[in-house]
Structure formats: structure tokens, C-alpha cells
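A.B. asks: Need a 3D model of the sequence below.
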Amino acid sequence: MQDGDVIYESYANGDGRDQNVSIFSGTKGFWCVAAAAAAQDGILDFNEPVCHTIPEWCGDAKKSEIRVRDLLNFTAGIEPAFSLHGRSISDRNAFSVRLPAATQPGESFMYGPSQLQVFSEVLRRKLAARHMTPEEYLTRRILRPLGIAGVDFREDSRGNPLLASGFRLSALQWAQLGELILGGGKYRGRQIVRPEYLTECFRGTHINPMFGMGFWLNRLAPSGREVDVERMLNLPWERQDWQATCLCREAPRDMIAAIGSGYQRMFIVPSMNVVVVRQGRDDSRFSDAHFLSLLFAAKG
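C.D. replies: Model prediction:
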């Protein structure tokens, strides 16, 4: 899509029609945009200590220093706990809150469900005074204004949604979030999230300059070292190296990416007013750098 119009559309299924597919970790972006909305609404502050909402953490030297921002940046130092993706844990929030901190906040990048699940508990407790659940808040503030309905929140037996994964969307539905980002938080004439809050999602960290809150960044192009995000994430977090990295040297520096397993992708380029959605399959032959160089090498 460019300037709000579909300029190319093609699907691999036999009838050539748009279909809903799992966007896996692309789900994270919706919740992080909702976090920006919550900051705008005065529900939370990105820089507030999590222990102000989860007092169980007050007596822990490491966890008492964690800010809301650290959870959304995946720099809080809490082990990923990939088992949270399944159905075996009856209360994902309580399980995640009890996890120990392996490092001091800001010293590591651990990409996985646990830190977002702690944020889920923060949001749940803060919204309780407003008699609202996190699912209701996300629906009212983000999904409904975008015209998206019927998503699967992958709730556990206590009703906690899984924030790290689970949404099934059509390419055009996912692109609507991209259009919101291109508009600086405005969608079809309505300001859903003010830009000064939304842009917090696109600030990298010292430990991983390539990742903001739920979104990947290409800021170090054209001089950065190209990395395959999915392959890097398959390594233990201690061995991952995100310094001086980018998705593609030939893609614009301001490109923002939502990345889901199996090479589900949404690329957003504000300078070109472009959104690109790729519905992938688990195909290790796919390369972000190659795909993006085909699209953007000529900057046309």
C-alpha cells in the first residue's frame, strides 16, 4: 500500500483471496501501541517502576528497579519462559510475576512472552479501577477504531490474554495498524494515539538498538550489519548480538518492521508512505535483506 491505496496484492491460495493467518509475534505490536494509548490516557507511565503496581517486587533488588518501559523493550532481565505460549500454565500472569530476574534491567535483551505477560498484569491491575480488562481496553482504543473484530486473545483459565502471540488477521487488517503508524497515530481522520506517545514504540535501547517496543528498526542502515532476526532469536539470549545491526542496508533508515515467526512481516516506511505485508510460511530460504533489497534498492 502507498498513500493509502493498494498498489499490489497477490495471494498463494488457489482462489487468490485475502485470508486470515496467524501473525504470531506481530501481535506484540498491537499491545505496545495500546501501551502508548494507556500512557496518553494517564493509566500508566513508561518510566514508572513496575513495583508501584506489583508491590510483590518491592523487596527484590533487581525487580524493584524494573520500569514499565523495560518490560516493553524486553530489557527487564526476566527469562523468556517460552512455555507461556502453550496452554499448560493456568495463570500466565502469576507465573510471570514470580519469575526471577536473571540480570539487572537494561543489561540484556530477552525476547519472549514473560516480560509482556508481566505488563499484562500491570495493565490488568491499573484497569481494574476503571472496571475494564486489558482485552476490553485494546478493543476499545485500538482494534475497534481500526475496524478489526473477532481476534483470539488466547486467554488462559484465569482469563489473562497472551500478549506475545495469537492474533489471526488478513493482510489488509494488519496493514491497518501500519496505516495508523504512517499517520502518526491517526487513522482515517481520527487521532487514536498522539504521536509523542506512539513514537516511544520506535526508540531502540542500548542493548538492542534494533528493537523498540514491539517493533524492529532499520536505523543503522546503510552501514549496519544485516541480520536475520528469526535466526538470531533462535540462539540463547546470552549469545545474541544486536550491536550495529539492521534488517537491510538498502532499505530506508526510517523503516519499521513488525515480525512474526514463519516470516510473517509488515514493513512500514514513513518517508515513502508505504506499508508492505507478507504472509509467510516457515521457509528458511526467505531473507528479509534480499526481499527488502528487491523492493527498495531503487528507492522507487
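A.B. asks: Every contact and neighbour count from this point should use C-alpha atoms.
C.D. replies: Noted.
A.B. asks: what's the spacing between the residue nearest the centre of the chain and residue 146?
C.D. replies: A centroid search over the chain (Cα atoms, centre = their mean) returns residue 214, at 2.2 Å, as the residue closest to the centre. Here the criterion is Cα to Cα, to the nearest Å. By it, residue 214 lies 18 Å from residue 146.
A.B. asks: residue contacts, the closest residue in space to residue 21 that isn't next to it in sequence?
C.D. replies: Distances taken as Cα to Cα, 6 or more residues apart in numbering put residue 168 closest to residue 21, at 4.9 Å, once the chain neighbours are dropped. Residues counted as contacts of residue 168 (Cα atoms under 8 Å, 6 or more residues apart in numbering) are 20-24, 151-152.
A.B. asks: again, 6 Å this time
C.D. replies: 20-23 (Cα atoms under 6 Å, 6 or more residues apart in numbering).
A.B. asks: cool, residue 153 as well?
C.D. replies: Taking Cα under 6 Å, 6+ apart as the test, what residue 153 contacts is residue 161.
A.B. asks: Tell me the pLDDT of it.
C.D. replies: What the model reports for residue 153 is a pLDDT of 98.
A.B. asks: how far away is residue 50 from residue 64?
C.D. replies: Taken as Cα to Cα, the span from residue 50 to residue 64 is 7 Å.
A.B. asks: which one of the two has more residues nearby?
C.D. replies: residue 50 (26 against 19; other Cα atoms under 10 Å).
A.B. asks: Report the contact partners of the more buried one.
C.D. replies: With contact set as Cα under 6 Å, 6+ apart, residue 50 has these partners: 66-68.
A.B. asks: which residues of the stretch 51-200 of the chain fall in helices?
C.D. replies: All helices of the stretch 51-200 of the chain, identified by DSSP state H, counting those that start in this stretch, fall at 68-73, 92-98, 113-128, 134-138, 144-146, 171-182, 195-198.
A.B. asks: nearest to residue 254, of those?
C.D. replies: With Cα to Cα as the criterion, residue 254 lies closest to helix 171-182 of the helices of the stretch 51-200 of the chain, at 11.0 Å.
A.B. asks: Export only the CA atoms of the closest one, formatted as PDB.
C.D. replies: Extracted C-alpha coordinates of helix 171-182, given in PDB (Å, rounded to 0.1, in the frame of the first residue of the first chain):
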ATOM      1  CA  ALA A 171      -3.100  -8.900   5.200                       C
ATOM      2  CA  LEU A 172      -5.400  -5.900   4.900                       C
ATOM      3  CA  GLN A 173      -6.300  -5.900   8.600                       C
ATOM      4  CA  TRP A 174      -2.700  -6.000   9.600                       C
ATOM      5  CA  ALA A 175      -1.900  -3.200   7.200                       C
ATOM      6  CA  GLN A 176      -4.400  -1.000   9.000                       C
ATOM      7  CA  LEU A 177      -2.100  -0.900  12.000                       C
ATOM      8  CA  GLY A 178       0.600   0.100   9.600                       C
ATOM      9  CA  GLU A 179      -1.600   2.900   8.300                       C
ATOM     10  CA  LEU A 180      -2.100   4.100  11.800                       C
ATOM     11  CA  ILE A 181       1.700   4.300  12.300                       C
ATOM     12  CA  LEU A 182       2.200   6.100   9.000                       C
END
